[in-house]
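> following is a predicted model, sequence given first.
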Amino acid sequence: MSGTGVKFVQLFPSKCSAVIFALYIALFVNQGIIIKWSQEGGEYDYNIVIVVLMTEVLKLVCSIILYCKENTLSSLFVEVVKHKKVLYLYMVPSSLYCLYNNLSFVNLAAFDPPTYYLLLQLRVVITGLIFQLVFKKQLSRKQWLSLVLLTIGCMIKNLNLDSNHSLPKARFHININIIFILIQTICSCLAGVYNEYLLKSEGSGVNIFVQNVFMYVDSILCNITVLFIQGNLIQAFDNASSHIFMEPKVLLIMFNNAAIGIITSFFLKNLNSIVKTFASALELIFSAVLCWILFDIPIHLNTAIAITIVSFAVIIYSRNPVQNNRLKSGDNIDDEETEKFIEKRDSQFV
């Protein structure tokens, strides 16, 4: 980066990196659009928990394949037995991500994709507050400015400027689902903090792909538990073939989600956090435009203003990110790799 700006060649050093950037945006935008497309009258004619469960199974298979590219399957079992304590510890973030993933379907039934992705940026605010209150990190003026602007942008998006709409009904509906959005973002932030703890302590000596296996195995167990609590575990699996394996829309959701995890790993390897900021802003814009084209969801003035403010806030934040303390000398995993892995892990559950 130069003193006056960022050059294109610095952002995309190769044609491959530009392709990765485009795929990264496309897959994230696709996920919200496909889920919206799979709805019937704002509801789902399939069990969303079983869809999340089968997506975790697909991610588990991908993680095992990636591990076996450089290792043997037998060594994976050895690693699992050797680090079984870490497997148990991963039950905490897996439970949080289980709730996060299921709430994503609930929230996308209540909000259009542009609003949903915009409100998810509240996790930046929550992360800042966690570091301010829990870790006693003093935020700079620019950091507070970015958090305040982001909050204002999300509030503007939910301003009802249509005089023909029933305000009392709209307020009730929005308030209930705003709570769900907050729960979803809190789950993401807490899981990220706990992941950092595992990576720097108990899981510091464990292969990253093995940690992925731990995460997905525990996530599968969590979703099975949810189905059991719902009382439709057997029914869900009996209907799986007709509602999942034979339904193109649902298959697209699962494979697109798995592809997000794969492309994110390439993104973090070949590009930088500045480009990721641009990607986040473009995701909001493309999501709004495509939803207008595909679903006739209008782009109101408040939507355009909110996207502009939130994008600007995210850019400010990316230049002044809230970070935890550096690792002590002697630790066997560095901060940069830790942050990349946590970011990758978090992106796989969006």
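Yes, it's here.
> CA only for contacts and neighbour counts going forward, please
OK.
> same for whichever strand or helix holds residue 87, what does it pack against?
In this assignment (DSSP states H and E), residue 87 forms part of helix 84-89. With contacts taken as 3 or more CA pairs under 8 Å, 6 or more residues apart in numbering; DSSP states H and E, helix 84-89 sits against helix 208-230.
> so where's the protein shaky on pLDDT?
Judged by pLDDT under 70, the chain has its weakly predicted residues at 1-14, 134-137, 158-175, 203, 236-246, 265, 268-278, 318-350.
> and residue 85, how many neighbours?
12 (other CA atoms under 10 Å).
> now the one 4 residues further on
Close neighbours of residue 89, defined as other CA under 10 Å, add up to 18.
> relative to residue 223, how far out is the nearest residue to it once chain neighbours are set aside?
Nearest non-adjacent residue to residue 89, counting by CA to CA, 6 or more residues apart in numbering: residue 198, 7.9 Å away. Counting by CA to CA, to the nearest Å, the gap between residue 198 and residue 223 amounts to 22 Å.
> who's more crowded, these two?
With neighbours defined as other CA under 10 Å, residue 198 and residue 223 compare such that residue 223 has more, 26 against 18.
> chain neighbours aside, what residue packs nearest to that one?
residue 53 (5.7 Å).
> again with residue 93
residue 191 (4.7 Å).
> wait, the one you found sits on residue 97?
Yes - between residue 191 and residue 97 a contact is recorded at 7.2 Å, counting by CA atoms under 8 Å.
> so these two - more neighbours on which side?
Neighbour tally, residue 191 and residue 97, criterion other CA under 10 Å: the higher count belongs to residue 97, 26 against 23.
> what sits against that one?
The contact partners of residue 97, by CA atoms under 8 Å, 6 or more residues apart in numbering, come to 187-188, 191, 219, 349.
> those residues in helices, which ones?
If you go by DSSP state H, these have 187-188, 191, 219 in helices.
> most neighbours among those residues, please name it.
Highest neighbour count within these, by other CA under 10 Å: residue 219, with 27 neighbours.
> what about that one, distance to residue 89?
Using CA to CA, we find residue 219 at a distance of 12 Å from residue 89.
> and residue 75, by the same measure?
In terms of CA to CA, residue 75 sits 21 Å off from residue 89.
> ranges for the helices of the stretch 51-200 of the chain?
Using DSSP state H, counting those that start in this stretch, the helices of the stretch 51-200 of the chain run over 73-82, 84-89, 91-110, 113-120, 122-133, 141-157, 167-200.
> helix 208-230 and the third one, what's the angle between them?
Following axes from the mean of the first three to the mean of the last three CA atoms, to 10 degrees, one obtains 60 degrees for the angle between helix 91-110 and helix 208-230.
> could you dump helix 91-110 to PDB, C-alpha only?
The C-alpha trace of helix 91-110 is given here as PDB (Å, rounded to 0.1, in the frame of the first residue of the first chain):
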ATOM      1  CA  MET A  91     -18.300 -28.900  21.900                       C
ATOM      2  CA  VAL A  92     -18.600 -25.300  23.200                       C
ATOM      3  CA  PRO A  93     -18.000 -23.400  19.900                       C
ATOM      4  CA  SER A  94     -19.900 -26.200  18.000                       C
ATOM      5  CA  SER A  95     -23.000 -25.500  20.200                       C
ATOM      6  CA  LEU A  96     -22.700 -21.800  19.500                       C
ATOM      7  CA  TYR A  97     -22.300 -22.400  15.700                       C
ATOM      8  CA  CYS A  98     -25.200 -24.800  15.800                       C
ATOM      9  CA  LEU A  99     -27.400 -22.100  17.100                       C
ATOM     10  CA  TYR A 100     -25.900 -19.600  14.700                       C
ATOM     11  CA  ASN A 101     -26.500 -21.700  11.600                       C
ATOM     12  CA  ASN A 102     -30.100 -22.500  12.500                       C
ATOM     13  CA  LEU A 103     -30.900 -18.900  13.300                       C
ATOM     14  CA  SER A 104     -29.500 -17.900   9.900                       C
ATOM     15  CA  PHE A 105     -32.500 -19.700   8.300                       C
ATOM     16  CA  VAL A 106     -34.900 -18.200  10.800                       C
ATOM     17  CA  ASN A 107     -33.600 -14.700  10.200                       C
ATOM     18  CA  LEU A 108     -33.500 -15.000   6.400                       C
ATOM     19  CA  ALA A 109     -37.200 -15.900   6.600                       C
ATOM     20  CA  ALA A 110     -37.800 -12.600   8.400                       C
END
